[in-house]
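S.K.: Next one to model:
(2 chains)
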Amino acid sequence: MRPTPAEIVEGLEYNLRADLIPELQSPWAKRIAGNMLWALEHLKQRLEQEHALAVEENADLRGVLAAATAARGEGGTLADALASLDLTPGEAREWPAAEELTAENARLRTVVDGIVEAFPAERDATAEALWREILGYIARQTERDGTLIEVNPG
Amino acid sequence: MEPDTIERLPEILRSYLSEHLPNARNVSIHNVSRSPGGNSRSMWFFDADWEGEAPIAKQLMFRANESTCFRDEEASLEKEYRVFRALQDTPVPVPANYWYERDPSWAGEDFVIRERVEGDTNFRDLPPTSQQAILDHFVEILAAQHNLDWEAMGLSFLGAPQDGPECARMVVERWERATKRELLEPQPVMTATMAWLKRNLPTEVDRIVLGQGQVGPGQVLFRDDRVVASLDWESAFIGDPMSDLAYLDFMVRPLVGDEVVEGLITRYGELSGIPIRRDNMRFYTVFQSYWAVSACLAAVNRFATGEMRKTQTLVLGMAAPRSFLRRMERIVREDAA
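M.R.: Numbers count the residues shown, from 1 in each chain, chains lettered A, B, ... in the order given. The predicted structure follows:
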């Protein structure tokens, strides 16, 4: 439907900037108006990008689980530590609803959390490689979150 | 605070001061305005006037317990008040704190009334010479703070570690609990950082001190290139002095550069007599980032669950932790490379 939600948000941002903020007198009120602008811009970014970013993150998490499964197959202390974890990556549906994506994301993140918590204190080369894989996911996820949060409302 | 309490605040303050200043008559309240500074607790500036004698300043602040990001378990208003009182008349300049009130019949929640000191907080826009002068003075204060006898000052209630290794272990355990309590969804970055912290706990601590937690520009008022008041004590702790030094380092290095920061660290070591432990500083750079993100998780929790659905809570919870998150993620990843 037109206007899109993002276009409506842009209209709200315009009125805040052009009509309301110039009329505000107190520093506190100006600060809160700035917060509202940030929240609107964040909302717009989520409307436009959140779904795609969640699909990307879930694929990334499945990659970590695949690496953990392979590492477990090599035996050793890491395999013992991960023995009780369900590392099933699950299947990515082609057109997932938002609720499905969120639920799947929570499940996958919980498994990755479990891997991190179970990690053995003594790490051999296989464990170090998996650890770097996990940190790689975390770095990419920090970037993905940043595109929604590090917004400049002008 | 509730909107009707905010509307009644001038009358609440007039009644409160009238009751607590027995030798003051005809108390009046003027210029009540919301402070735009600070991210955690709500604050109002106000001026008071009266006839007769009263042992307090006439420029005051009302600080409400309502917090966007802290829970009482980690950082209560009462704890902060007690630290401020203990620091009165020490080399650490602090505003006078007059009353901590826990009777909810006044304003619906706990609050503190304290002196309002004149000064600026906008360090970023100062010329380099002023920045250097303020930091030089601040390091003198930090060294003096780390030499205070916190036991004699009655500050053991903050939680005193028994020995060096316990300094880091105590704060890590405290903030791991807080993080688990506040998380609404799994955050592998927090879990991985906690794993890193537990693997890198410092064991060598040369002196167990009163730490401030959040340190440096933004937490102090300055005037004429001198620090006139240290404002933020809600994160105070007893522990490793390298924690404060690490916080100061990562807050000011991007503003004043490596050379100035290294000079400050050397000067701190000379003034305090405490050896600089770089490994401890690195640990606390990650830890301080972890707890800052953790505190912001409480703001996200409060907003999402409806406990405090205000945009200042949302923005603090989501936007404020970004630089901390990036810093801790980078260091944890560097160590695995």
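S.K.: Please report how far residue A:38 lies from chain B.
M.R.: With distances taken as Cβ to the nearest Cβ, to the nearest Å, residue A:38 is found 5 Å from chain B. For glycine as for every other residue, the C-beta is placed from the backbone atoms N, C-alpha and C.
S.K.: And residue A:115, by the same measure?
M.R.: From residue A:115 over to chain B (counting by Cβ to the nearest Cβ), the distance is 9 Å.
S.K.: Surely residue B:18 touches residue B:12?
M.R.: No. Taking contacts as Cβ atoms under 8 Å, residue B:18 lies outside contact range of residue B:12: 10.9 Å.
S.K.: Excluding chain neighbours, what is closest to residue 110?
M.R.: Looking at chain A here, since you left the chain open. residue B:186 (4.8 Å; Cβ to Cβ, 6 or more residues apart in numbering or on different chains).
S.K.: My question was about chain B, not that one.
M.R.: Distance criterion Cβ to Cβ, 6+ apart; nearest residue to residue B:110, sequence neighbours excluded, is residue B:65 at 3.9 Å.
S.K.: how would you label the one you found: helix, strand or coil?
M.R.: When states are read from DSSP: H, G, I helix; E, B strand; the rest coil, the local structure at residue B:65 comes out as strand.
S.K.: Residue B:18 and residue B:12: who's more crowded?
M.R.: Each of residue B:18 and residue B:12 has its neighbours counted (other Cβ atoms under 10 Å in any protein chain shown); residue B:12 has more, 19 against 15.
S.K.: Looking at the stretch 101-250 of chain B, what residue ends up closest to chain A?
M.R.: Of all residues in the stretch 101-250 of chain B, the one sitting closest to chain A is residue B:186 (3.7 Å; Cβ to the nearest Cβ).
S.K.: ok, that residue - contacts?
M.R.: A:106, A:109-110, A:112-113 (Cβ atoms under 8 Å, 6 or more residues apart in numbering or on different chains).
S.K.: try residue B:234
M.R.: Taking Cβ under 8 Å, 6+ apart as the criterion, residue B:234 is in contact with B:40-41, B:70, B:75, B:77, B:79-80, B:213-214.
S.K.: now do residue B:314
M.R.: The contact partners of residue B:314, taken as Cβ under 8 Å, 6+ apart, are A:35, A:39, B:299-300, B:303.
S.K.: gap between the helix or strand bottoming out on mean pLDDT in chain A and the chain center?
M.R.: Counting by mean pLDDT, DSSP states H and E, the weakest-scoring helix or strand in chain A turns out to be helix A:76-81, with a mean of 92. Relative to the mean C-alpha coordinate of its chain, helix A:76-81 is positioned 29 Å out (Cα atoms, centre = their mean, to the nearest Å).
S.K.: Could you do stretch B:35-50 as well?
M.R.: Taking the mean C-alpha point of stretch B:35-50 and that of its whole chain, the gap between them comes to 16 Å (Cα atoms, centre = their mean).
S.K.: Same question for stretch B:239-252.
M.R.: Between the centre of stretch B:239-252 and the centre of its chain there are 13 Å (Cα atoms, centre = their mean).
S.K.: quick revisit: remind me what the helix or strand following the least confident helix or strand of chain A packs against, helices and strands.
M.R.: Later in the chain than helix A:76-81, the nearest helix or strand by DSSP states H and E is helix A:98-118. Counting contacts by 3 or more Cβ pairs under 8 Å, 6 or more residues apart in numbering or on different chains; DSSP states H and E, the secondary-structure elements packed against helix A:98-118 are helix A:27-73, helix A:125-149, helix B:188-199.
S.K.: Residues touching the second one, excluding its own?
M.R.: Under the criterion Cβ under 8 Å, 6+ apart, residues A:42, A:45-46, A:49-50, A:53, A:56-57, A:60-61, A:63-64, A:67-68, A:71, A:74, A:76-78, A:112, A:115-116, A:119-120, A:123, B:188-189, B:192, B:318-319, B:322, B:325-326, B:329, B:332-333, B:336-337 lie in contact with helix A:125-149.
S.K.: Try it again at 7 Å.
M.R.: When contacts are defined by Cβ atoms under 7 Å, 6 or more residues apart in numbering or on different chains, helix A:125-149 is touched by residues A:42, A:45-46, A:49-50, A:53, A:56-57, A:60-61, A:64, A:67-68, A:71, A:74, A:76, A:78, A:112, A:115-116, A:119-120, A:123, B:188-189, B:192, B:318-319, B:322, B:325-326, B:329, B:332-333, B:336.
S.K.: before we move on, what about stretch B:98-111?
M.R.: If you take Cβ under 7 Å, 6+ apart as the criterion, stretch B:98-111 is touched by B:1-2, B:5, B:12, B:16, B:20, B:56, B:62-66, B:77-78, B:81, B:112-114.
S.K.: okay if I get the contacts of residue B:234 as JSON lines plus secondary structure, pLDDT and neighbour count?
M.R.: Formatted as JSON lines, the entries for the contacts of residue B:234 read as follows, by DSSP: H, G, I helix; E, B strand; the rest coil; pLDDT from 0 to 100; neighbours: other Cβ atoms under 10 Å in any protein chain shown:
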{"residue": "B:40", "secondary structure": "coil", "pLDDT": "87", "neighbour count": "23"}
{"residue": "B:41", "secondary structure": "strand", "pLDDT": "92", "neighbour count": "20"}
{"residue": "B:70", "secondary structure": "coil", "pLDDT": "91", "neighbour count": "21"}
{"residue": "B:75", "secondary structure": "coil", "pLDDT": "91", "neighbour count": "23"}
{"residue": "B:77", "secondary structure": "helix", "pLDDT": "96", "neighbour count": "24"}
{"residue": "B:79", "secondary structure": "helix", "pLDDT": "96", "neighbour count": "20"}
{"residue": "B:80", "secondary structure": "helix", "pLDDT": "97", "neighbour count": "23"}
{"residue": "B:213", "secondary structure": "coil", "pLDDT": "95", "neighbour count": "20"}
{"residue": "B:214", "secondary structure": "coil", "pLDDT": "93", "neighbour count": "22"}
